[in-house]
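# Next comes the sequence, and after it the predicted model I'd like to discuss.
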Amino acid sequence: MNIALIKAGGVGNRMGAGIPKQFIEVMGKPVIIYTLEAFEKHPNIDAIVVVCVDGWHEILRSYAEKYHITKLVQIVSGGETSLKSIYAGLKVIGEAYSKDDIVLIHDGNRPMVSQEIISAVLAETKLHGAAVAAMICTDEVMETDGVHMETEKYLNHKKLYRIQTPDAYRLGDVLTLFENATEEQMTKLGATNVLMVDTGHKVYLAQGSEINIRLTTQEDILLFETLFMMNQKEQ
């Protein structure tokens, strides 16, 4: 089986909206619902688990019922960090599914994920055990010391990829990964694929999309509206 684990634990400070960013309404619908609809629609996704910020579980259940998200099986409270939130969801999934099943981890505020991206990540995971949606970096990239706005070093952008979500893993493997992670890794690292690489594992890249944007600012909301309307016209 293939289970989608959706991260919806962010509070959205950069949005300045006063509510979690994934619950902001865009064109009359919460962002999280656009995301859930993508996985609801995909024929190879069997179940959805959401890691949700406390206080919003019942609201999410109400939205899921309203918009007919029938694959949603559980809502889980998040942790103090991104990885701890993911681990909370993985532990719940591990209690109900086989270690050979595949779990896809996706940002709740990436509502433009396509059916093609989901399929590509699933296909690579079935072949290699771990995969992530990614885009080759086409811009020149400079490296700083992280403090000063100056640089004397550039990176070869032709070797660089921008990582998106979803990323996916065999359930038994990713649970073992988290069980063996250190507190420092769980606190400082921000994504499962980074944890994989940090512990010496390989992650294979699947084709992402420039449209698969993450909504973190008001400008992103405007871009999402534009992209969504363009997609609707093309269908």
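Yep, it's here.

# what number of residues lie near residue 94?
Here the count is done by other Cβ atoms under 10 Å, and residue 94 has 18 residues near it. Every C-beta, even on glycine, is put in place using the N, C-alpha and C of the backbone.

# Please apply the same query to residue 200.
6.

# Tell me which stretches of the chain form helices.
All helices of the chain, identified by DSSP state H, fall at 31-41, 57-66, 82-96, 115-128, 171-179, 183-188, 192-198, 218-234.

# what angle do the last one and helix 31-41 make?
Spelled out, that is helix 218-234. Interaxial angle of helix 218-234 relative to helix 31-41 (axes from the mean of the first three to the mean of the last three Cα atoms, to 10 degrees): 40 degrees.

# Which pLDDT value goes with the residue lying closest to residue 154 once chain neighbours are set aside?
Leaving aside its sequence neighbours, residue 154 sits nearest to residue 142 (Cβ to Cβ, 6 or more residues apart in numbering; 5.2 Å). Residue 142 carries a pLDDT score of 93 in this model.

# Ok, residue 146 next?
87.

# circling back: in contact with the residue nearest to residue 154, which residues are there?
By Cβ atoms under 8 Å, 6 or more residues apart in numbering, residue 142 lies in contact with 151, 153-155.

# Kindly indicate which of those lies nearest residue 34.
Distance to residue 34 across those (Cβ to Cβ) is lowest for residue 155, with 33.7 Å.

# Low-confidence ranges, this protein, go.
10-17, 235 (pLDDT under 70).

# Relative to the centre of it, find the outermost residue for me.
residue 152 (33.4 Å; Cα atoms, centre = their mean).

# any idea how far residue 18 lies from residue 204?
Taking Cβ to Cβ, to the nearest Å as the criterion, residue 18 is separated from residue 204 by 40 Å.

# And those two? Which one has more around it.
Between residue 18 and residue 204, residue 204 has the larger neighbour count (other Cβ under 10 Å), namely 17 against 9.

# picking that back up, quick check: the gap between the residue nearest to residue 154 and residue 161.
Applying Cβ to Cβ, the value for residue 142 to residue 161 is 17 Å.

# Look through the protein and tell me its longest strand.
strand 161-170 (DSSP state E).

# Pairing partners for that one, with directions?
strand 102-107 (antiparallel), strand 130-136 (antiparallel) (DSSP bridges).

# if we can go back for a sec, among the contacts of residue 142, which are located in strands?
153-155.

# could you dump those residues to TSV with neighbour count and distance to residue 70?
Supplementary listing: the ones in strands among the contacts of residue 142 in TSV, determined by neighbours: other Cβ atoms under 10 Å; distance: Cβ to Cβ, whole Å:
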residue	neighbour count	distance to residue 70
153	9	51
154	10	49
155	12	45
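
# Hmm, residue 171 and residue 94 touching each other?
Yes - using Cβ atoms under 8 Å, residue 94 is in contact with residue 171, at 6.3 Å.

# buried set for stretch 42-55?
Neighbour-count burial for stretch 42-55, with 16 or more other Cβ atoms under 10 Å as criterion, is recorded at 42, 45-53.

# Would you mind putting those residues into CSV with distance to residue 199 alongside?
As requested, those are arranged in CSV below (distance: Cβ to Cβ, whole Å):
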residue, distance to residue 199
42, 29
45, 27
46, 28
47, 27
48, 27
49, 24
50, 26
51, 22
52, 27
53, 28
